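Chemist: build me a model:
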Amino acid sequence: MLHFSKNYFFLFVLLFITEVLIALYVHEQIIRPYVGDVLVVILLYCFVKSFLDLPVTVTAVAVLLFSYLIETLQYFNIVKLLGLEQLRLANTIIGNYFTWIDFLAYTLGFLIVLGVEKVISSKKANHSKDNAWLFL
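Modeler: Okay, here's the model as predicted:
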């Protein structure tokens, strides 16, 4: 179950840098709030897959549910309840602005993960069939 994947880790680092750049330099009404939320699901998925060899669907659903949980905690203003509202890092990581549309963004990120993984899995299967003659 424990397994380091340099490919997923590379994608995680790339997405993390992208998220940081969006947070620091993008101050508009679409990319920062929505694209960032789509990417965060993919980022979390890649992080988990970097260290755990779990099935795609299990990992993707777990990340989606975790994302939904964080958004729900934002609804209940968890940062303030924990007394962390003065900490910028807590506000950035946990967030403090609940919106219903974030659930849609997280779901879109989830669907992108499943779609990309399906394409990759399909290509691997086709590649194996194409090279089957090498083992005859």
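Chemist: tell me which helix or strand of the chain sits lowest on mean pLDDT?
Modeler: Between all helices and strands in the chain, the lowest mean by mean pLDDT, DSSP states H and E belongs to helix 88-93, at a mean of 84.
Chemist: just checking, next helix/strand downstream of that one?
Modeler: helix 101-130 (DSSP states H and E).
Chemist: quick one, phi/psi of the nearest residue to residue 3 once chain neighbours are set aside?
Modeler: Nearest residue to residue 3, sequence neighbours excluded (CB to CB, 6 or more residues apart in numbering): residue 53, at 3.9 Å. (C-beta placed from N, C-alpha, C; glycine too.) Torsion angles at residue 53 (phi, psi; degrees, to the nearest 10) stand at phi -90, psi 80.
Chemist: how about residue 2?
Modeler: phi -80, psi 130.
Chemist: next, count neighbours for it.
Modeler: For residue 2, the count of nearby residues is 6 (other CB atoms under 10 Å).
Chemist: ok, it to residue 51 distance?
Modeler: 7 Å (CB to CB, to the nearest Å).
Chemist: could you tell me how many residues sit around residue 82?
Modeler: 12.
Chemist: just give the closest residue to it, not the sequence neighbours.
Modeler: residue 90 (7.6 Å).
Chemist: can you list contacts of stretch 40-56?
Modeler: Stretch 40-56 has contacts (CB atoms under 8 Å, 6 or more residues apart in numbering) with 1-5, 8-9, 11-12, 15-16, 19, 59-60, 62-64, 66-67, 105-106, 109-110, 112-114, 117, 121.
Chemist: mark which of the residues you listed are buried, thanks.
Modeler: 8, 11-12, 15, 19, 59-60, 63-64, 67, 105-106, 109-110, 112-114, 117 (16 or more other CB atoms under 10 Å).
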